[in-house]
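In: Starting from these lines, generate the structure:
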Amino acid sequence: MEDKLENSETARAMAESELEPLKSDMLWLKEQGIASVAESVLNSEELDKTVAHLLVAARNDGYAQGYAECSHHVVNTLKVDWDTSKSATHGVKLLI
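Out: Numbering: from 1, shown residues only. From the prediction side, this is the model:
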């Protein structure tokens, strides 16, 4: 019985000694690691390029949408049928 108790206490001491470095690592990760990763992502060139492409695409879609809407109003007002097959707005779906 004493052997089991001694083995149990030894195993507990080993587990506690292995737990301390993990607690330290977890604290470092919580206080500095996650912020470092987030900062790296937010300051990455890849993210900057992706956001820039997204902004340009959104702006271009907005322009195309605006031109298509204006063209639609002109066609309806003047009762004309323009050929827009070669227009930059060809195929743009109106949101009106």
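In: Now do the same for Asp81: its pLDDT.
Out: Note for Asp81: predicted pLDDT of 77.
In: For Ala13, see how far away it is.
Out: Going from Asp81 to Ala13 by CB to CB, to the nearest Å gives 88 Å. Every C-beta, even on glycine, is put in place using the N, C-alpha and C of the backbone.
In: who's more crowded, those two?
Out: Ala13 (10 against 7; other CB atoms under 10 Å).
In: pLDDT averaged over the helix or strand containing the more buried one, what's the number?
Out: Here Ala13 sits within helix 2-28, counting by DSSP states H and E. For helix 2-28, mean pLDDT is 83.
In: Output whichever helix or strand comes after that helix as CSV, restricted to C-alpha atoms.
Out: The helix or strand immediately downstream of helix 2-28 is helix 34-42, counting by DSSP H and E. Taking C-alpha atoms only, helix 34-42 is exported to CSV below (Å, rounded to 0.1, in the frame of the first residue of the first chain):
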residue,chain,number,x,y,z
ILE,A,34,-1.7,36.1,-30.0
ALA,A,35,-1.1,39.9,-30.3
SER,A,36,2.1,39.2,-32.3
VAL,A,37,0.3,36.9,-34.7
ALA,A,38,-2.6,39.3,-35.1
GLU,A,39,-0.1,42.2,-35.8
SER,A,40,1.7,40.1,-38.3
VAL,A,41,-1.5,39.3,-40.2
LEU,A,42,-2.8,42.9,-40.0
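In: what's the single longest helix in the chain?
Out: For the chain, the helix with the greatest residue count under DSSP state H is helix 45-78.
In: For that one, buried residues please.
Out: Ala64, Gln65, Ala68, Ser71 (16 or more other CB atoms under 10 Å).
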